[in-house]
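Trainee: 3D model of this:
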Amino acid sequence: MKRYFTETVLCCVLASIMCSCRGTLAGSDDGIRQSIVLDCGRIETKAVAADEDAVWDINLYIFGEGGLIEEHKFIRYPSPMYGEIHLLSDLILHREYTIAAVANAGYDMGVMDWDDFKKASYHLSRPDGFTHGMPMLGKAMKYRTSPESESLNIDMERLLSKVTVKLDRSRLDRDVDFNVALVRVGNCPKAAGILPPSRIASPSEVFQSGYYTEGGDINDVYLLENMQGALDKDLCSYIELEIDYESPVYYTADGRCLKYRFYLREGNSYMVQRNCHYT
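Mentor: Residues are numbered from 1 along each chain as shown. Okay, the predicted model is just below:
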């Protein structure tokens, strides 16, 4: 699986588109205080409309035997956290656990067993509704405690994908102006399952108008995971460009832009995978 900000290259005509720490355990013969480190990443990038790394809240789940919930914590931070987030939990020695953390849900998700957690979803009220923290998931399956255990490090993955659209004018005639007025996500999912893979199953599950940004030769847009297979124009996510065009013969006027549309895909599958950056 590609890590976030590992790029997949997509092309169309006239446009080339788109927490580690060692710790110690202290406790009795039966229990330990487990250090849990959530690595939420921290990348060097110019400021963007959405803060891709900020963490404002955490829902931590500790599931024991049979997937039964043993502990749930909801933590809200007064200011955004970045990079590694350190948590503590009291566990039983030599017992096997599943540990999961959801960042930026925006609310206390409540107590639930593993079976219910697997069915849980993250919902957006609007296409850009994650500007106060991108939703992330991290999990450790079948983790067994021992007296020699060090910190449990969990990588957090964003439920969203990022698409960078770059305009390439290298093959245009010199007397042609070709400028991006708007970039929009089509079939932009309203929700995604907390656990992967996630895909929309009905046209009612997409925003009528998806995440968009205006103008520029380089544009970033975001959408929740949508793992489709074969092309389905009602379900597969796509990018729509509105273009201002002018040549000695033709031109756009009165806001009537040319529209280019291309579907997001990997190989022969129309998949938009969480935690990935497409260019």
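
Trainee: Could you look up the next helix or strand downstream of the helix or strand Glu71 falls within?
Mentor: Using DSSP states H and E, Glu71 sits in strand 69-81. As assigned by DSSP H and E, the chain's next helix or strand after strand 69-81 is strand 84-92.

Trainee: State the mean pLDDT of that next one.
Mentor: Mean per-residue pLDDT for strand 84-92: 96.

Trainee: Just the buried residues of that strand, please?
Mentor: Glu84, Ile85, Leu87, Ser89, Leu91 (16 or more other Cβ atoms under 10 Å). C-beta: built from backbone N, CA, C; applies to glycine.

Trainee: cool, stretch 170-180 as well?
Mentor: For stretch 170-180, a neighbour-count test (16+ other Cβ under 10 Å) marks Phe178, Asn179, Val180 as buried.

Trainee: between these, which is closest to Ala192?
Mentor: Val180 (27.3 Å; Cβ to Cβ).

Trainee: helices or strands next to the helix or strand that contains that closest one in the packing?
Mentor: Assigned by DSSP H and E, Val180 belongs to strand 177-186. Contact here means 3 or more Cβ pairs under 8 Å, 6 or more residues apart in numbering; DSSP states H and E; on that basis strand 177-186 packs against strand 160-167, strand 212-214, strand 218-224, strand 238-246.

Trainee: what lines up beside that strand in the sheet?
Mentor: The strands beside strand 177-186 in its sheet (DSSP bridges) come out as strand 212-214 (antiparallel), strand 238-246 (antiparallel).

Trainee: How far does the first one sit from its chain's centre?
Mentor: Between the centre of strand 212-214 and the centre of its host chain there is 18 Å, according to Cα atoms, centre = their mean, to the nearest Å.

Trainee: again with the longest one
Mentor: With Cα atoms, centre = their mean as the basis, the distance from the averaged C-alpha position of strand 238-246 to the chain average is 25 Å.

Trainee: Could you list the buried residues of stretch 255-266?
Mentor: Burial within stretch 255-266, assessed by neighbour count using 16+ other Cβ under 10 Å, is assigned to Cys257, Tyr260, Phe262, Tyr263, Leu264, Arg265.
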